[in-house]
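below are the sequence and a predicted model for it; my questions follow.
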Amino acid sequence: MNPIQAGELRHRIRILQRAANTDGEGFPVGEPQEVYRCWARVTITSGTELVRANADFGQMKARFLIRWTSIPIDRKMLVEYGGKEWQIEYVNDYAGRQYLELWGVWESNDRS
């Protein structure tokens, strides 16, 4: 693993917890609440990678690498970045509790 330089963590992101209340159909009601704000290295999946993965082009995927935190982050949360709310699909302890790797997906038909 290559060491991560501090300057690579240059994108401001927010980790959001979905609203706890739901409507009659089970959808969250209310605005998500911020649980953590930090700097991240952000890598957006390229179109070439989407073609290779036979993925839907109405969907964008991104990798967010942040410094490790003791604040629990899970797949029920969102990453706010670039004016979009990215659903967290994967959380990985990266480099032995030095970093957290979050994979997020944003769908173009989202309300965000």
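Thanks, I have the structure now. Numbering: from 1, shown residues only.

what is the neighbour count of residue 75?
Residue 75: 12 surrounding residues under other C-beta atoms under 10 Å. For the C-beta atoms, the positions are set from N, CA and C on the backbone; glycine is no exception.

show me the contacts for the residue lying closest to it once chain neighbours are set aside.
Nearest non-adjacent residue to residue 75, counting by C-beta to C-beta, 6 or more residues apart in numbering: residue 88, 5.1 Å away. By C-beta atoms under 8 Å, 6 or more residues apart in numbering, residue 88 lies in contact with 73, 74, 75, 76, 77, 78, 79, 102, 103, 104.

swap in residue 97?
Residue 97 neighbours (C-beta under 8 Å, 6+ apart): residue 68.

those helices in the protein, which residues are they?
Under the criterion DSSP state H, the chain contains helices at 47-52.

centroid-wise, who is the farthest residue in it?
residue 24 (27.3 Å; C-alpha atoms, centre = their mean).

so residue 93 sits against residue 100, correct?
Yes. With contact defined as C-beta atoms under 8 Å, residue 93 counts as touching residue 100 (6.6 Å).

who touches both of these two?
Common neighbours of residue 93 and residue 100 (C-beta under 8 Å, 6+ apart) are residue 68.

which of the two has more neighbours?
residue 100 (21 against 11).

shouldn't the more buried one be in contact with residue 65?
Yes. Counting by C-beta under 8 Å, residue 100 touches residue 65, with 7.5 Å between them.
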